[in-house]
Structure formats: C-alpha cells, structure tokens
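1. With the input below, show me the fold.
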Amino acid sequence: MSNAASVKNKWTWLLLTLVAVALLVFGGTRDTGPKTQSDRIDAITKVIACPTCQGESVYVSRASAAESIRAEVARQVASGQKTDDEIVAFMEARFGSRVLLVPRSTGLDALVWVLPVFALVCALGTLVFAFRRWSVSGSSTVSDADIEMVEQALRDAE
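-> Next comes the predicted model:
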C-alpha cells in the first residue's frame with residue numbers, strides 16, 4: 001500500500017470515528033420531550049434503591065419503605081416545584097448515597113464510568129499498535145546476509 005493510500009485510509013477511519021462519537025453524544029444528550037407525571041415518577045423511582053430491599057429499585061419493590069418513597073416522589077412531582085434531579089438529590093440527602101442505583105456522573109463516582117472505558121480504549125490502541133508493528137516487520141524482505149547465514153548453516157549440517 002502506498003504512503004498516500006495509507007494516509008487517506010487513516011483520515012477515513014478518523015472521520016468515521018468522529019462521526020460515531022458525535023452521533024453517540026447527540027443521542028445521549030437529546031431531550032425526548034415533555035414527560036407525563038407518571039413517566040417522571042417511574043423514571044425517578046427506577047434510579048432510587050429501596051432502603052430495606054437488597055438490590056431492588058423503588059419502582060420494582062413492594063416494601064412499605066419503597067411505597068412511602070414512591071408516594072413522596074409522586075407528591076414532589078405533583079407539586080411541580082422540583083426537577084427530577086432535585087428530587088433524586090432530596091432522596092439522596094435523606095437516605096445517603098447508597099440509595100442511588102446509578103452513580104453520579106461527577107466527582108469520584110464518575111471514575112466508575114470513565115476508568116473502564118479508558119482502559120478499554122488503551123487496550124484497543126495497544127492492540128492496534130502491536131498488530132501494525134507485527135504486520136510491518138513481517139513484510140520486510142530477507143537480506144543477503146540472512147540468506148548467506150542460512151546457506152552456511154545448511155552446509156554445516158550436511
């Protein structure tokens with residue numbers, strides 16, 4: 001492959017990667033429009049853990065503690081004075097950070113999300129670098145000195 005074709009190929013992959021990242025960012029941050037009160041209550045209770053249950057959300061649990069949290073969320077949504085994030089923050093302040101099923105995207109909790117992705121990108125980059133290096137070294141031509149050394153070894157073996 002010529003050097004110009006190699007550069008063109010790199011720019012194509014870079015462009016495709018940038019487009020994929022842009023689409024993921026757009027899809028992840030896009031607002032889906034206004035929600036009904038019931039949708040808001042469901043969305044909030046799905047990210048809050050039941051304080052008395054093991055690994056269940058308030059949305060799923062039928063424990064009395066979960067029922068009272070669901071009622072409090074419904075009351076706050078119906079009042080219309082707080083956003084979804086403010087209601088979750090209220091519940092976190094009341095019960096502690098163990099009530100969150102999804103870690104916050106700030107501070108130390110952000111490392112829970114960022115470090116595995118960073119490790120995966122580094123591992124893939126290392127693999128790409130190693131494969132390219134192996135393919136370049138594997139396509140090298142055999143020198144005259146190498147041929148002479150092999151012929152000498154074969155003559156000595158006879």
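2. Could you say which helix or strand holds the nearest residue to residue 74 once chain neighbours are set aside?
-> For residue 74, ignoring the flanking residues on the chain, the nearest one in space by CB to CB, 6 or more residues apart in numbering is residue 41 at 5.3 Å. No exception for glycine: its C-beta is placed from N, CA and C like everyone else's. With secondary structure defined by DSSP states H and E, residue 41 is part of helix 37-46.
3. as a whole number, average confidence for that helix?
-> Mean pLDDT, helix 37-46: 90.
4. Can you mark which positions in that helix are buried?
-> By neighbour count, and taking 16 or more other CB atoms under 10 Å as the criterion, the buried residues in helix 37-46 are 40-41, 44-45.
5. out of those residues, what pair is the most spread apart?
-> Pairwise distances among those were taken by CB to CB; the largest, 9.6 Å, belongs to 40 and 45.
6. So what's the gap between stretch 17-30 and the chain middle?
-> On the basis of CA atoms, centre = their mean, to the nearest Å, the separation between the geometric centre of stretch 17-30 and that of its chain is 13 Å.
7. Revised request: answer the last question for stretch 114-129.
-> Relative to its chain's centre, stretch 114-129 lies at 12 Å (CA atoms, centre = their mean).
8. From residue 87, how far out is the residue nearest to residue 74?
-> When distances are taken as CB to CB, to the nearest Å, residue 41 and residue 87 turn out to be 9 Å apart.
9. Could you pull out the residues contacting both of these two?
-> Contact criterion CB atoms under 8 Å, 6 or more residues apart in numbering; residues bridging residue 41 and residue 87 by contacting each: 73, 77.
10. Could you list the buried residues of stretch 51-71?
-> If you call a residue buried by 16+ other CB under 10 Å, then stretch 51-71 has these buried ones: 51, 57-59, 61, 66, 69-70.
11. Please tabulate those residues in a markdown table, including the columns pLDDT and distance to residue 152.
-> Putting those into a markdown table (pLDDT from 0 to 100; distance: CB to CB, whole Å) gives the following:
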| residue | pLDDT | distance to residue 152 |
| --- | --- | --- |
| 51 | 86 | 79 |
| 57 | 90 | 74 |
| 58 | 90 | 79 |
| 59 | 92 | 77 |
| 61 | 89 | 79 |
| 66 | 89 | 82 |
| 69 | 91 | 83 |
| 70 | 92 | 84 |
